[in-house]
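In: build me a model from this:
(one chain, ligands or ions: 1)
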Amino acid sequence: MSSRKKLIAGNWKMNKTPADGVALVRDIVAAIGKQSDVEVVVCPPFTALESVGKALEGSNVKLGAQNMHHEASGAYTGEISAAMLRALFATHVILGHSERRSYFGENDEFINKKVITSLKNQLKPILCVGETLAERESGSTLKVVQRQVEGGLEGVSKEQAPTVVVAYEPVWAIGTGKVATTEQAQEVHAFIRGLLVKLFGDAVAQKVRILYGGSMKPANAPELLAQQDIDGGLIGGAALEARSFVDLVNAATAAK
Ligand code: 13P
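Out: Here you go, the predicted model:
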């Protein structure tokens with residue numbers, strides 16, 4: 001039991017046209033659009049943000065983006081600013097996803113700039129951290145996670161910190177069907193909570209949501225969500241269908 005409201009966020013990655021996205025959120029809204037026990041966020045690709053945002057109007061489901069650039073405007077071909085996301089009524093933005101880190105070379109310093117910019121623009125960052133299989137096998141999981149959390153949150157104030165969401169996503173569990181055991185996940189979540197205590201003090205650290213991500217499904221969610229420091233999920237594959245996403249929201253409701 002904790003005082004933190006559970007959060008279920010769907011990361012659609014590079015999936016869904018605007019029409020597909022609208023159809024998906026219509027089903028999600030019909031099933032859980034009015035509940036307020038669990039915070040629910042969907043993160044479509046940029047091209048579907050506007051139409052999905054319109055389809056969410058009047059519901060409690062929030063809109064998030066999957067990335068953004070830290071500069072306000074200018075010659076950054078292919079990039080999107082915080083103000084552009086705000087103009088489409090996005091409230092959240094995923095930053096530092098492992099796919100951004102590994103395929104697009106994003107490092108902690110660059111991700112930190114985005115975190116700072118998102119907070120300045122009243123966008124809630126969902127900062128992703130997590131080790132690769134090689135890092136876990138060599139025993140450096142906690143060291144890697146510490147570097148990513150401290151690097152990503154550098155310069156974030158105590159006042160801003162409660163709006164930050166951290167997502168622990170072990171890279172070896174993403175899209176592989178290999179979920180971390182509850183013990184593996186809770187160990188890292190508790191470690192992240194400890195880092196947040198050091199950075200922001202205990203009272204603030206207790207307010208920060210730490211999500212688990214990596215092959216989270218309705219079948220494994222109840223056990224994960226029952227852990228003391230697991231405050232929700234960042235969902236990939238299971239967020240692409242209304243039935244499984246709604247079941248995950250219901251699992252979070254039952255676990256609250
Ligand atoms: P899967 O749920 O498909 O493993 O993806 C997790 C993820 O990367 C969410 O950001």
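In: so for the helix or strand of the chain with the lowest mean pLDDT, what gets flagged as buried?
Out: Every helix and strand in the chain was compared by mean pLDDT, DSSP states H and E; the lowest is helix 133-137, with a mean of 95. The neighbour-count check on helix 133-137 (16 or more other Cβ atoms under 10 Å) flags Glu135, Arg136 as buried. The C-beta positions use only the backbone N, C-alpha and C, and glycine is treated the same way.
In: what's the first helix or strand after it?
Out: Next along the chain after helix 133-137, taking DSSP states H and E as the criterion, comes helix 141-152.
In: and that following helix, what's buried?
Out: Quick answer for helix 141-152 (16+ other Cβ under 10 Å): Thr141, Leu142, Val144, Val145, Gln146, Gln148, Val149, Gly151, Gly152.
In: contact partners for the second one?
Out: It refers to Leu142. For Leu142, the contacting residues are Val188, Phe191, by Cβ atoms under 8 Å, 6 or more residues apart in numbering.
In: could you redo the last one with a cut-off of 7 Å?
Out: Each residue near Leu142 by Cβ atoms under 7 Å, 6 or more residues apart in numbering is listed here: Phe191.
In: how close does it sit to the ligand?
Out: 20 Å (Cβ to the nearest ligand atom, to the nearest Å).
In: pLDDT wise, what is the residue in the stretch 101-250 of the chain positioned nearest to the ligand at?
Out: Of all residues in the stretch 101-250 of the chain, Gly236 sits closest to the ligand, at 2.2 Å by Cβ to the nearest ligand atom. Looking at Gly236, its pLDDT is 98.
In: cool, Ser140 as well?
Out: 97.
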